[in-house]
Structure formats: structure tokens, C-alpha cells
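>>> Provided below for reference: sequence and predicted model.
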Amino acid sequence: MRQRTGPRQAFDKRLLRLGRPVRGFLAATAGLGVAAAALIVVQALLVGRVIAAAFDGAGTSDVAGPLAGLLAVTGLRAAAAWATEVTAHRSADATAGALRAALLQRVVAGRGAGSDPGAVAAAAGRGIEALHPYFARYLPQVALAAIVPVGVVAVLAVLDPWSAVIVTATLPLIPLFAALTGTATRARMRRRWQAFTDLSSAFVEAVRSLPTLKVFGRSADAVRRFGRLAEAHRAETMATLRIAFLSALALELAATISIAVVAVAVGLRVLGAGLDLQAAVTVLILAPEAYVPLRRLAAEFHAAAEGVEAAGRILDLLDAPAPATPHGTAAPPRRPRLALADVTVSYPGREAPVLDRVSLDVAAGAYVAVAAPSGAGKSTLLGVLMGLVPVAAGRAEAGGIPIADLDPDGWLAQIAWLPQTPHLFAGTIADNVRFGAPDAGDDRVAAALRDAGAGFALRLPEGPGTVLGERGAGLSAGQRSRVALARALIRDAPVLLLDEPTAHLDPVTEIQVLDTLDSLAGERTIVVATHREAAARRAQRVLRLPAPEAGALR
Amino acid sequence: MRRLLSLWRGDRWRLAAAVATGTGTVAAGAGLLATGAYLILRAGLHPPILDLTVAIVGVRFFGIARAALRYLERLVAHGAALRLTARLRTDAFSHVERLSPGGLETDRAGELLAGIADDLEDLQESMVRSLLPAAVTAAVSLLAGLIAGLMLPSAGAVLAAALAVTAGAAGIVAARWGRWAATRLGPARAGLAGAVVDLVEGAAEAVAFGRAPGLLERAADADAALRRLSRRAAWASGLGSALVALGSGLALWLVLRVAVAASSAGALDPLLVGVLALLAIAAFEPAATLPSGLDRLGPGVAAAGRLDALAARPDPVPEPDGRGPDHLEPALVLRGAWIRHRAGADHAVRDLDLDLRPGRTVALVGESGAGKSSVAAGLLRFRDLARGTYTVGGVDAGEIPAARVRRVVGAAAEDAHLLAASVRANLAIADPDAGDDDLVAALAEVHLGDWLAGLPDGLDTPIGPGGRPVSGGERRRISLARALLARFPILIADEPTAGLDPATAAAVVDEVLSTGRGVLLITHGTEGLDRVDEIVVLDQGRVAERGTHRQLLAAGGRYARLRGA
């Protein structure tokens, strides 16, 4: 919970916790920075020598030594440049991968509850992508900016102390200007991130709403609205850049004017014979090199600001307190009796409890329906039985053991669940059915589909091998729900919890599904949440939850 | 490259301005160093100080000019690129609008979205970091070669050639690897995005089915695949950087060699050796940013290609040239209509006849997947007929803009979308001028009066994504209320009663059937079927039987079996 709202540093120390990829990278980068600085100095000394010698009338043979040295330096500089790029990209990838893995672990630990899926998806995708340039380009440049100027100024001090003084006096102006504009732009950078997030979610939302808007002849409005949003995003970004680039201007001014001052001062001292020509030329070549890394650093402004911002967001998500998850250890009983006694469940922010003193007793192998109108808490009741919803008062037990005390994974392994709005995963229909039983053969998959009233899948041209779109796109709501039912039926679990298994079905298919449930009763313990009479009638016993009072369920 | 340039149609001068300011910046930098060298070396001859005045003024002028030009260059370049992406973003959305929903079904919406967002970022980056620096480098190599050539022709030739060869080699490396990376990195990125979406949105089921570790592994594999590719890309950009370092070092070496040789042979003023050397150093400044920039070129070109492909997709339903007739009689007639699931797919509806006009009510029943929703898509002109005819007021639907057809026939769709907005805003898309009384009345008609009364902020309560949760039954009824408000002469009600208890379902269907409009009731339920003028029973896309409730019961066919069950 550190630094949740504090100012962001150029390097968030929490990144160090990611361990080796980050530390190794920082060390390698610093080493390469020192090598680069040394090579710059040597090159300037050699070029200065050649120019001064030529001025004194030397021929090519007289400067053969320095020219050969120059070739060697060129080779080494090329090697250093290559090594810098490769290490930078590698560690950028390694860090991004480590962060993404941590974030997804976190989502799974939270069972998808408590976090805004859009924000997490944005952070895990584009957010982590933003870290790449930060690691690959910005941080190596930070190392160069820290090392090269020091080396250059040290050599200048030997060659011509006056120039060293001028450069030393102007160099600090650059980070100072950068810091000033950085402070001014930080809030704007945040807004820009927000604008980008808004724009992305507006795009998703707009795409999803298009069919509906088209029915009402309003899709052109959506295009106009989106156009305005895109334009607002552009204007906001440009306003940010205008200020951000001021630091580049200040920086450039400080650098070029001090080079001009050095050139004129050195020239005048050569005129007065206060400085020898070779040193003067070397100073002129070397002085700009002190500013180059800082200048490039400013050019990586986007990478820096977006990377720091993205890293902060991801680390904040990781540092946020985890939602309470069950952590019992008791071994779950096989084929247990399920019992709820006066169970009350409330959600934060709601006055009336969702479940109010509900009792239910389900013997092993029994077939019970929970019938109630919409909003009466049927899904919550199933959540309590699964141990995913904490109970405020009363007892929820499986085989006499409080469900909260059971080892959560072991308990869930005994349950096959059909959620009210199931999520179908990327892959084929068969993949989705096998989600419930990974080792099931084609015959079992086909049987489960038939039992679930999803025979349509077998009649498709590619059968259960048909690839689904995102979130099961390509299937109707009813078809999705039946594929998800097949997924639950195929699972070899003694407890079957079904949330509205027949909501989207036509009467014929509904009967087929209910027949399947009849045949499973006795073998498995079945709890069906439904508002359909036909479904409730078939169960051995029906628990009726009262309709929520108007206003009370809000 | 050509593809990227073609995107600038109409904005060419912005591009030219960006290149000009960029070149000016480099030229000012070179001017600063070259005049500085001239000043120092001239001073080495110990002339009277007045001889140095021009050089001193020149040094200062170039110093200030460079800073000013640099600021301008960045503003102009980023401004132009941002303007371009804003335009392309809106264009992309309007194409999605044009294609939705009939032309998009084969796409995964999230991938499409992520693809477009990434493509735009890639394009912007490729403009600022590749296209412009490449253009500036080209301009600089000409300019530097010319100026050096004035002092010593061989030095000018060497410098221009070295710049061109270096930039060309770096460009080839970057383009080759960039193209490779774009074709491989794009799918790898999309795969990772898909794995992330599944994990984030399906977390509850993944945990309940004990499959979270497998999905995490899939995400990790996708991540590893992406990293392997990106590591190879790193080799390429490393190679690019090395090439530029090599090129600039060799150019300096060559210039020094020819200049020293010329000056010792008396063909060049010895003073100009230093001037040429510093010119060579400064001229390579833009080339230094090329390797890190040019690897954005491939992704940019690929992105431009994908956006072009989106724009080139044909309309799902061909639009006519004209407006169609002035007046449209609200009478829909299908004759022998065949409708596909989507382009290229199997027929969902075969040989269907259907008549809809105000006052006439028709129910479409049949098992899930019998083709009922495809009939709705066909009537709404979201999909074209594969065979048969569709006329609106006697005019072929192909001669009427689809948006006009949709003013005659509207729908409360099975999967209707609620906007992330207030209840009021959700209803107002049907009729922006409706007063609160109208909205309340519409909700009461679908028996949501109590629901509305229970909302904390009434009509201002936010619903839809991020808003107050609504049940499936509530969502369908809100969508139905919206369709009723729009006063379509003919209304398609697709499964309005799923998720409702029998009493409410019967009451809602009653309301829909008694509005006096033409109604196509698509249903799994039994409510209201005894009241409609005609029941059409679909079986795997074909009409199994049709007639009134009484006739069909008497016939003892499929419908009778459905009802008997």
C-alpha cells in the first residue's frame, strides 16, 4: 500500500522486487554506459590530434596512428551500441512478462471479484506494453545521462579548466528544467492516460452498442460522438506535449548556447595564445557530447512518463488489499449432505440482506429446486454453497463441516456449476465442454452436449470442433448456456449447482434437459435455481424464496 | 513507405513543414560546430580580432537557431501525426459502424478493437520515429554533401555516400526485420490479449472448475511466445544501432583521410580539415535516431494495410444509390426468402414467406437455432437475402437505404445492449424528444413500474456496463420499452419474455400485441400464441407448419406436440 498517491519517481523502487531481470539489467546498463563514455572521450582526443596535425601541415602518413585508432574506436562503439540494445530489450521483455504473470495470478486469487475487468485488462495489455520503451529506451538513457557528462567534464578539466567550468555550470540547468516541466506535466500525463482509457472503453462500448443504435437510427450519432472524443483526446495530448517540449527547448538552449560560449571563449584564448590548438579543437568536439545523453533522455519523455505511470498503476493493483478469499483446510466430504440454517447474506452498500434467514437441507443424491422471481437471491444461494460468498449470519455446512472451513479447491472440485451468464473461453465448442473434464474423449463430449440439449453443436458443419468467437460469439444466448450446461454435466462431480439451466430454452429442449436431470438425480446431488415452473415441478423438493420487496432489493 | 505517405493525402504540407524544420535543426547544429571549428583554427593563425567577428556572430546565431528550430520541429511533427491518427481513428470507427452487425460476425470484437487501437499507435509512432527522421536524414545527406563538396568535392562525395549507405543499410535491416516482426508480433500480441480477456472475464468459472492454472499457463505461453519474437526483434535493432555507429565512425575516418591528403597536397586549406570533420560529425545526428525509429516502420506499414482492409470490406447489405421512394407504406413481404447465418455460411432460413403490416400479429416459434433470429436480421436489413424477395410497401428492399427500412421496422433484440448511461438516456435513443411521462409510461407498459419506483435516482439511475446491475428479464423489458417508445409501425419482439415469471410474461406479451402495430413475436414461450393472427413454426430454417393457434392444435402436428408437452 505504499505510494498509492505519492509522486512517481523516474524509477519505482517497487520494481526491484521483481528480482533478477531488473537488477541484472541495471548493472549491465551501467557498465555499458561507462564503456560508451570512455569511447567518446578517446574518439574526440584522436580527432583533435588529426585536425591539429593537419593544420600544421601533416600528411596522411604522419597521422596514420591516430587514424588507425579511430577505426578501432569505431568498431568498439558499434559493438557497445549493439550490446546496449540487446540487453535493454531482453530485460524489458522479462520485466513485462513477470509483471503480467503477477497481475493475472492476482486476478485468479480474487476469483474475478473486486477488480474492474476493463482496468485489469488495460493494465495487463497496453499498460505493460508501455513498460517496454521505458525499460528498453529510457532507463539505458538514464544511465548514459548519469555517466557520460561526468566523464566528459573530467577530461575537459584536464584539457581546459575554463570550458569545464562553463559546461559544469550549464549542465545542471537541464535536469532542473526537466524537473520543473515534469512537475507541470505529471498531472496532465495522468489525465492523458485517463483520456486514453476513456477512449478505449468508449470504443468497446460503442462497438457493442452499434447493433442496438442502428435499430433506432442513432448509429451516426455514435460516430459523431466518437469523433469528438478522438478530437478531444488529440487536443489534450497536444496541450500536454506543448508544455512537455518546453523542457526540450530549455534543454536545447542551455546546450547550444553553452557550446557557442565555449567555442568563442576557446577561440579567443587560442588567439591570445593562452591555449594550444589541439586542446581547443578537442574541447569543441567533446563539449557537445556532454549534452547529447541528456538531450536524448528528453526525447524519451513519452516512454518515461507513460512507463512510470503504467508501472505505478500495475504495482498499485498488485499492492491493493486482496479480497477475502476462503482459506479453510478441512478435507471436503464425498457426497455430503448440504445444509443451510438461517443463512443471511448482505452485500456492502445494500440495506436489505440478499438472503434473509434462509434454510435448506439437501440430502446426498437429492434433487432440489430453488424457485423465486428475479432478484430474490438464487445465484447468491448457489454462491454460498460453493463457498464463494461469505455468510453474515447462520450456518452453511457440507457434511456437517462449515463450508468456510473446507479446503476451497478441494470443495470446488466436487462441484459442477452452471453460472447464470456463463463465460465461454477461446477455442472450440469441444474445448469448452472439456473445460469440465480435460481428459474426456469425443464420445463423452458428444454425449454431454446431447444431454444438455446442445445437439445443435453436433449438426454444425464442423461439429463440436467449431471455433467460437470471443465470449462465445457466434452462438445465441441459449446455445451458450447449453454448451456451459454440457461443461457442467461432463464434470465428474457429485454436486451439481445449476443457475437457470433452462432460461433460454424452447419447451422441447427444456423437457430434454429436465429429463437429463431426472436421470442424474440419486447419482448426484442437484440444486437448480430457476424461475420456470416446468423446471421447479420436476424437482423432488422446491424451496421458494420470497420475492424481494420493492425497494428492499435495491 | 508509399502506403504511409498516401495516408497524408490532404495534409502533405504538414508533413513537408515537419521535414523542413527537422532539416533546419540539423543544419543549425552543423553550422554551430563548423563555424566553431573555423573560429578556433582561424584564431590559431593569430589574425586581428576583427577578422573573427563574423565567425563569432555565426556561432551564436546557429546556437540559438538550433534550439528554436528543435522546439518547432517537435511541435509540428507531433501535431501532424496526432491529427492524422485522430482522423484515422474516427474513420476506423465509421467503418465498424458501416459493417456492424452483419459484416462483423466473423471477428472477435475485442481483437478487432485491440487491433485498431494498436494499429493507430503503431502508425503514429512510425510517422514520428521513422518516416520523418528518414526524410530528414535524406535531406541532410544531400545538404551536407553539397556544403562539404564546395570545400572539397571528394569529401562531399564521401560524406553524402556514407550517409546514404548507412541510412540505407539501417533502413533495410529495420524494414526486413520490422516486416517479419509485424507479421509475427501482431498475432502473438492478439493471442496474449485473448488469453488475458479469458482469464479476467472468466475468472470465476476458471476457479470453480479448477482450470485457473491451465489458463495461467496459456497466458504464460502466449507471453513467452511474444517474448521470443520480440527478442529476435531486439537483435535487429541492435544491428541497426551498430550499423549507424560503424557508418558514422567510418565516414569521419574517410573524410579526415581525404581532407588530410588534400591539404598536404595543397589542394585544400589546412584550416578546412577541421571544419569538414565537425560537419561530418554533426551530419550524422539524425541518422543516430534511425535504428530505434526504423523498426517502427514495419508495424506502421502493416497497420496501414489492416486499416485499408477494414475500409475495403464490402457492405454486408449493398446500399442503393438513390433514396428510394418518397413514401414507404409499412407493409413487409418476404417471398421465398433464404437467409444465411453470415456471408459464406450455411442458410439459416430457407424459402420463407412472411407478411407483416400494422394491425397484423405473427408469432415465429421453433427450437433454438431454428433460424428465428436470422429472420429478424433479414427484416432489419442487417443481412441480405441469399435468394427470394423482400419488399417494403411494394418496393424492393434493395432499392431503399437500409436506415429507411429500419424506420418502418424496429426490434427489441434478444441480446439488446444497454448503454452505460442513465435509464433516461437508454430510453431516449428511441425518441430523443420523449418527456419523462412518456418514459415512465413505456416502462409501466412492460411492467417495470415497480422496478422504476425502487430505483434510487429514478430515471437518472445509471444502468448498463458499470451502472446498476439489471437482471436478464429486466434488461429485455427495458429494451422492449425502448422499442415501444420508438413507435415503429412494425415491431419485432425477440424473446421478450425469457427470464420472466409466467404472470408477468403473459401481461407483457398482452401489451405488445395490443398496440395496434404489426408485430413479429419471436418466442420460446407459450404466452399470447392464442391471440396472434398467424403462427409460423420453423424447423431447421424451414416452415414446418403455419396457421392460427386453433388450426394448428386441430392439425395435431408439431405445434400441437410442442403445446402438449
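Everything's here; your move.
>>> alpha carbons only for contacts and neighbour counts from here, please
Will do.
>>> got the contact list for B:R176?
B:G298 (Cα atoms under 8 Å, 6 or more residues apart in numbering or on different chains).
>>> B:A20 belongs to a helix?
Yes: the assignment for B:A20 is a helix, going by DSSP: H, G, I helix; E, B strand; the rest coil.
>>> State the number of residues packed around it.
For B:A20, the neighbour count with other Cα atoms under 10 Å in any protein chain shown is 17.
>>> go on, B:A453?
By other Cα under 10 Å, neighbour count at B:A453 equals 14.
>>> Now it. Its backbone dihedrals?
B:A453 adopts backbone torsions of phi -60, psi -30, taken as degrees, to the nearest 10.
>>> Could you tell me the per-residue confidence at it?
Per-residue confidence (pLDDT) for B:A453: 91.
>>> which is the next helix or strand following the longest helix anywhere in chain A?
Looking across chain A with DSSP state H, the single longest helix is helix A:219-271. Elements were assigned by DSSP states H and E; along the chain past helix A:219-271, the next helix or strand is helix A:277-299.
>>> any idea of the mean pLDDT for that next one?
Helix A:277-299 comes out at a mean pLDDT of 87.
>>> For the next helix-or-strand element following that helix, C-alpha coordinates in CSV please.
Proceeding N to C from helix A:277-299, the next assigned helix or strand is helix A:301-319, under DSSP H and E. What follows is helix A:301-319 as a C-alpha-only set of coordinates in CSV (Å, rounded to 0.1, in the frame of the first residue of the first chain):
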residue,chain,number,x,y,z
PHE,A,301,9.9,11.7,-22.5
HIS,A,302,6.8,9.7,-23.6
ALA,A,303,8.5,6.4,-22.8
ALA,A,304,9.4,7.7,-19.4
ALA,A,305,6.2,9.3,-18.3
GLU,A,306,3.9,6.6,-19.7
GLY,A,307,6.2,3.9,-18.4
VAL,A,308,6.4,5.3,-14.9
GLU,A,309,2.6,5.9,-14.9
ALA,A,310,1.9,2.4,-16.2
ALA,A,311,4.3,0.7,-13.7
GLY,A,312,2.7,2.7,-10.9
ARG,A,313,-0.8,1.6,-11.9
ILE,A,314,0.2,-2.1,-12.2
LEU,A,315,2.1,-2.0,-8.9
ASP,A,316,-0.8,-0.3,-7.2
LEU,A,317,-3.2,-3.0,-8.5
LEU,A,318,-0.8,-5.6,-7.1
ASP,A,319,-0.4,-3.8,-3.8
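>>> which helices and strands sit right next to helix A:301-319?
With contacts taken as 3 or more Cα pairs under 8 Å, 6 or more residues apart in numbering or on different chains; DSSP states H and E, helix A:301-319 sits against helix A:64-109, helix A:131-133, helix A:173-215.
>>> downstream neighbour of that helix in the secondary structure list?
strand A:338-345.
>>> I would like the residues contacting that next one, please.
A:353-364, A:385, A:390-400.
>>> Just give the number of residues close to B:G103.
B:G103 has 20 nearby residues by other Cα under 10 Å.
>>> Mind checking what secondary structure the nearest residue to it once chain neighbours are set aside has?
Spatial nearest neighbour of B:G103, chain neighbours left out: B:P316 (4.8 Å); criterion: Cα to Cα, 6 or more residues apart in numbering or on different chains. At B:P316, secondary structure determined by three-state DSSP is coil.
>>> thought B:P316 was touching B:L385?
No: B:P316 lies out of contact with B:L385 (Cα atoms under 8 Å); the separation is 10.6 Å.
>>> quick revisit: cross the contacts of strand A:338-345 against helices and list the overlap.
A:L385.
>>> Could you check how far the residue nearest the centre of chain A is from A:A96?
The centroid of chain A falls nearest to A:A124 when counting by Cα atoms, centre = their mean (1.3 Å). Distance check for A:A124 against A:A96: by Cα to Cα, to the nearest Å, it reads 9 Å.
>>> Domain map for chain A?
Using automatic domain parsing, the domain ranges for chain A come out as A:13-319, A:338-544.
>>> One more: chain B?
If you go by automatic domain parsing, chain B breaks into B:10-312, B:332-564.
>>> Buried deepest among the ones you listed, which one?
domain B:10-312 (a mean of 21; mean count of other Cα atoms under 10 Å in any protein chain shown).
>>> Show me what from the stretch 251-400 of chain A comes close to chain B.
Residues of the stretch 251-400 of chain A lying near chain B by Cα under 8 Å from any Cα of the partner chain: A:252-253, A:256-257, A:259-261, A:263-264, A:266-268, A:270-273, A:277, A:280-281, A:284-285, A:373-375.
>>> Now do the helices in the stretch 451-554 of chain A.
A:456-459, A:477-489, A:507-520, A:533-538 (DSSP state H, counting those that start in this stretch).
>>> and the angle from the longest one to helix A:477-489?
Think helix A:507-520. Per axes from the mean of the first three to the mean of the last three Cα atoms, to 10 degrees, the angle that helix A:507-520 makes with helix A:477-489 is 10 degrees.
>>> Give me the mean pLDDT for helix A:507-520.
Rounded mean pLDDT across helix A:507-520 is 85.
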